[in-house]
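Novice: Give me a 3D structure for the following:
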Amino acid sequence: YVVTIPQFPFRPETPLFPPASIVQNYLHAYADHFGLKPYIRLNTRVDKAEWDVQHNAWVVTPSSGPPERYDFLVVANGHFRVPRYPDAPGLQTWLTSRRAIHSVHYRNPTQFSKHSKIVVVGGGPSAIDICTDMRSTGKLILQSIPTRAEAVFPYPPDTELYRKIPKIS
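Specialist: Have a look, this model is predicted:
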């Protein structure tokens, strides 16, 4: 869902539920505009964050480098990091056999190089991003969505290698 920041709004044509690529481009532009890149460290795990009463600051210990002090700490670890699965008969068999995964485990289309037909179940932003990413693989991608979802999200048009299908059970 697009959140408008008054000092740096999304472009007017941005969809209500933008794909990850648009959000990523926006975050890069935001960091450039406000000169934040020198303060951003990517691919760095935080091993410890402790409140230092004496200095009235957070002491953050990264996985590499010395501890640093901060006035404020924001924990933004991702709301959807723990997979939730529907109560669907037979799903556990598919998961155990590694013929099904949750979107949280998706990294890139190469994971599916040995498969010729893939079903993405879901009509939300993660499913749309995954289908968009996988469309260039030459594999048949079927996206199972509830019919009401088409009124909310901007789905790509059906093609020879991508089709929306009704919700499956």
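
Novice: For the helix or strand containing residue 118, give the mean pLDDT please.
Specialist: Following DSSP states H and E, one finds residue 118 within strand 117-121. The pLDDT scores in strand 117-121 average 94.

Novice: quick one: that strand to chain centroid distance?
Specialist: Chain-centre distance of strand 117-121: 18 Å, with CA atoms, centre = their mean, to the nearest Å.

Novice: next structured bit after it?
Specialist: Next along the chain after strand 117-121, taking DSSP H and E as the criterion, comes helix 125-134.

Novice: now what about that next one, what contacts it?
Specialist: Contacts to helix 125-134, defined as CB atoms under 8 Å, 6 or more residues apart in numbering, come from residues 17-21, 80, 103, 106, 108-109, 112, 118, 120-121, 141, 143, 145, 153-156, 162. Backbone N, C-alpha and C define where each C-beta goes, glycine included.

Novice: Check stretch 145-154 too.
Specialist: Outside stretch 145-154, the residues that touch it by CB under 8 Å, 6+ apart are 15, 17, 122-125, 127-128, 155, 164-167.

Novice: now the residues you listed as TSV including neighbour count?
Specialist: Shown next, in TSV, are these (neighbours: other CB atoms under 10 Å):
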residue	neighbour count
15	12
17	14
122	19
123	21
124	14
125	18
127	20
128	23
155	17
164	18
165	13
166	8
167	13
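
Novice: lowest-confidence helix or strand of this protein?
Specialist: Lowest by mean pLDDT, DSSP states H and E among the helices and strands of the chain is helix 125-134, with a mean of 86.

Novice: Distance check, the residue nearest the centre of the chain against residue 90.
Specialist: Centrality entry for the chain: nearest residue to the mean C-alpha point is residue 126, 5.8 Å, by CA atoms, centre = their mean. For residue 126, the distance to residue 90 equals 22 Å [CB to CB, to the nearest Å].
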